[in-house]
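Undergrad: Quick check, what structure comes out for this input:
(chains A, B, C and D)
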There are 2 protein chains.
Amino acid sequence: MGYGMREGLSERNKKILEAIIEDYIVTAEPVGSRAVTRRHGLTLSPATVRNVMADLEEMGFLTSPHTSAGRVPTDKAYRFYVDSLLAVGTIDKGERERIRKRYSLAGRDIGAVLHETSKLLSSVSHYMGIVLAPRFSSTIFRHFEFVKLSGRRILAILVARNGTVQNKLIESAEELSTDDLLRMSNYLNELLAGLPVSEVRAKILAEMQSEKVLYDTLLSRALKLSEQTIEDGGAQIFIEGQTNIFEQPEFTDVRRMKEVFRAFEEKSQLIHLLDRSLSAEGVQIFIGAETRLNQMEGLSVITSPYLSGKNTLGVLGVIGPTRMGYGKVIPIVDYTAKLVSRLLEEE
Amino acid sequence: MGYGMREGLSERNKKILEAIIEDYIVTAEPVGSRAVTRRHGLTLSPATVRNVMADLEEMGFLTSPHTSAGRVPTDKAYRFYVDSLLAVGTIDKGERERIRKRYSLAGRDIGAVLHETSKLLSSVSHYMGIVLAPRFSSTIFRHFEFVKLSGRRILAILVARNGTVQNKLIESAEELSTDDLLRMSNYLNELLAGLPVSEVRAKILAEMQSEKVLYDTLLSRALKLSEQTIEDGGAQIFIEGQTNIFEQPEFTDVRRMKEVFRAFEEKSQLIHLLDRSLSAEGVQIFIGAETRLNQMEGLSVITSPYLSGKNTLGVLGVIGPTRMGYGKVIPIVDYTAKLVSRLLEEE
DNA sequence: CGTTAGCACTCAGACAGGGTGAGTGCTAAC
DNA sequence: GTTAGCACTCACCCTGTCTGAGTGCTAACG
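TA: As a prediction, the model looks like this:
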């Protein structure tokens, strides 16, 4: 047989595997030995290719849906392809221009930028675009404000330096005057200035113990209220272009479709997946089962974190079929992540 | 023929039409003459029923998909059914209890309540739940705040009396001190106190002309900035349970499904539809083409506005197949609308 | 005259059989 | 090691047949 050490593929075998994968990516149909010879002008006969294919199947790179169909790449094949075979293209200039232009409208609002990003990723890749927004707790505290709505109903507003806002309705034990609220705000603003939001809670709890506060009911009340306000609102996620998967032939089956949509209805799992790639550097690729989500069979995820300075803020990416145009999508995700990073840089 | 004046259906014909519709609602399959006699213990022979069915078809209440299938109700039939035949059930006590309980967790935050509502409508009806949130412009002004983020970047925050918040990032022409911003906020808060948000813009424009302002650059700047802030953020809409339509046999076809999901991806049309029923009183029903959305073929919408006092705030409802359990869903929508109204009452 | 039984007719859907073509694995020759 | 040749497999398509549900019409009935 034509391969040397275990799992080491000969050059020729790699070429053939690559041809099969790329053929399958465009046709979405099992690839036969004949098709492989036609494509990529391999000067081999179909019979030879068949021998190689049999080997590749044994090694777990290919399967055939039934005896007389061609071969289909497995997740393992895609993994190998992405790691060793794929020449990641560069994003072409026109495309880059188009992407950049889309942002000129979005303005500076971080939410708008991220929403636009997910739409953009979807429309450029023709798959689904996803963006995990920065956790509020990863921002820097900027401003606290209590607004009295009526009676004991108070709206607490928390502003971060990057312009994101979190607000919560709280019901205080007794009615407070506007003046009291103002003083409370001032106190908290001073106390918390410049702190990462993630540390705010600890700071508040610490302060509660301090002598100064123990004897000042107003301050202690302020702390109590603010403590109620701070709660990570949960990760926000933008998913766009879900209907694009209707175009993918492998999902024309209603059963599969159902599964996929169900998976996206419950976003928490997806968030979990994105969280995992939050700490990674650069583009990450999850193929099929590697996502560790069982409803994601047949789907791959390409992600990249985006940052501001050297702080990782969130993750963006594309979800598509495992049979995805990796060569094109990877640079898109990469470029977009860098662009978003730049846009959010100057806080 | 057995019917009197034009379009006036004899009692018997009504009974038969009703039987057909109700049969079709549960089976989702064309109803044959035989099936009609079996159900509802009509003491008629199939042959007689066939005659009646032929008449009903001619009148536009029924169609047959092909010669030897049974009959299927048309939109017109559902309309007639809903208007004249349907005995609207009452919502049973257990159900009511279950619904009420769901809200105990949601707290008072208006966004949370509405989101919960759409989920609830979906899960109780087994169709899709929709909620159109109140337009921000329909709220009462409560508080303005400028927060300086960095350099010339300012976050403008607008709080309404009901606790909703709108914020916008603006870039001022020149750098302003925190003090300046505070004075600007105070000025605006005084100026706009108690105004409906819809009138705020006009007020600002009017004030810009006043003498007092013309000679005070700070004030005029404040007005300019605030004017940039006020823009109706567009209607917000919650849609939940989209995957429920996978269960409906008439949508197992991938083509149909695609259409429906596409329709919901572009929400503006849906918003337009809900806007129309905003001014109506009580439960409204749109059957198929009555929605005036062509992708909504085969779907009906049941809506009801919810209010606070006598101010209409928004609309909520259910989207399901025309072949929907109207008798059950109508009271659910009605009850939920009343409940939500009560929850949002005490601002 | 409305109602009904009977009957011929229609048509979608299920089923079976034959043909086709793409593709395979094996073997023997190059 | 490579390739031509060949027998074989199997999904898919096409076709024809059968079945059953349902219809419309007509003639008889109370």
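Undergrad: Give me every residue in the stretch 1-150 of chain A lying close to chain B.
TA: Contact residues (Cβ under 8 Å from any Cβ of the partner chain) of the stretch 1-150 of chain A with chain B: A:107-110, A:142-143, A:145, A:147, A:149-150. The C-beta positions use only the backbone N, C-alpha and C, and glycine is treated the same way.
Undergrad: which of those residues has the most neighbours?
TA: A:Arg142 (25 neighbours; other Cβ atoms under 10 Å in any protein chain shown).
Undergrad: quick check, that one in a strand?
TA: Yes: counting by DSSP: H, G, I helix; E, B strand; the rest coil, A:Arg142 is found in a strand.
Undergrad: For the residue lying closest to A:Ile319 once chain neighbours are set aside, give me its contacts.
TA: Residue nearest to A:Ile319 in three dimensions, not counting chain neighbours: A:Met128, with 4.3 Å by Cβ to Cβ, 6 or more residues apart in numbering or on different chains. Contacts of A:Met128 were listed using Cβ atoms under 8 Å, 6 or more residues apart in numbering or on different chains, and they are A:121-122, A:239-242, A:244-245, A:318-320.
Undergrad: same check, this time on A:Arg79
TA: Counting by Cβ under 8 Å, 6+ apart, A:Arg79 makes contact with A:287, A:290.
Undergrad: hang on, the earlier thing: dump the residues of the stretch 1-150 of chain A next to chain B into a markdown table; add distance to DNA strand C as well.
TA: As requested, the residues of the stretch 1-150 of chain A next to chain B are arranged in a markdown table below (distance: Cβ to the nearest atom of the strand, whole Å):
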| residue | distance to DNA strand C |
| --- | --- |
| A:Gly107 | 51 |
| A:Arg108 | 53 |
| A:Asp109 | 51 |
| A:Ile110 | 50 |
| A:Arg142 | 62 |
| A:His143 | 64 |
| A:Glu145 | 63 |
| A:Val147 | 62 |
| A:Leu149 | 59 |
| A:Ser150 | 61 |
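Undergrad: re earlier: by neighbours, which of the contacts of A:Met128 wins?
TA: Result: A:Ile319 is most packed of these (other Cβ under 10 Å), 30 neighbours.
Undergrad: what does chain A put close to DNA strand C?
TA: A:30-35, A:46-47, A:50, A:53-54, A:57, A:64, A:67-71 (Cβ under 7 Å from any atom of the strand).
Undergrad: Buried only: go through those residues for me.
TA: Burial by neighbour count, 16 or more other Cβ atoms under 10 Å in any protein chain shown: within the residues of chain A next to DNA strand C this picks out A:30-33, A:35, A:50, A:53, A:70-71.
Undergrad: Looking at those residues, which is nearest B:Leu9?
TA: Set against B:Leu9, the nearest of these by Cβ to Cβ is A:Pro30 (58.2 Å).
Undergrad: Quickly note the distance from the closest one to chain B.
TA: Per Cβ to the nearest Cβ, to the nearest Å, A:Pro30 is found 21 Å from chain B.
Undergrad: ok, and the closest non-adjacent residue to that residue?
TA: Closest to A:Pro30 by Cβ to Cβ, 6+ apart is A:Gly70, at 3.4 Å.
Undergrad: dump the residue contacts of that neighbour.
TA: Applying Cβ under 8 Å, 6+ apart to A:Gly70 gives the contacts A:29-33, A:35, A:64.
Undergrad: Which ones among the residues of chain A next to DNA strand C map onto strands?
TA: Applying DSSP state E to those, no entry is found in strands.
Undergrad: Right, I'll leave it there.
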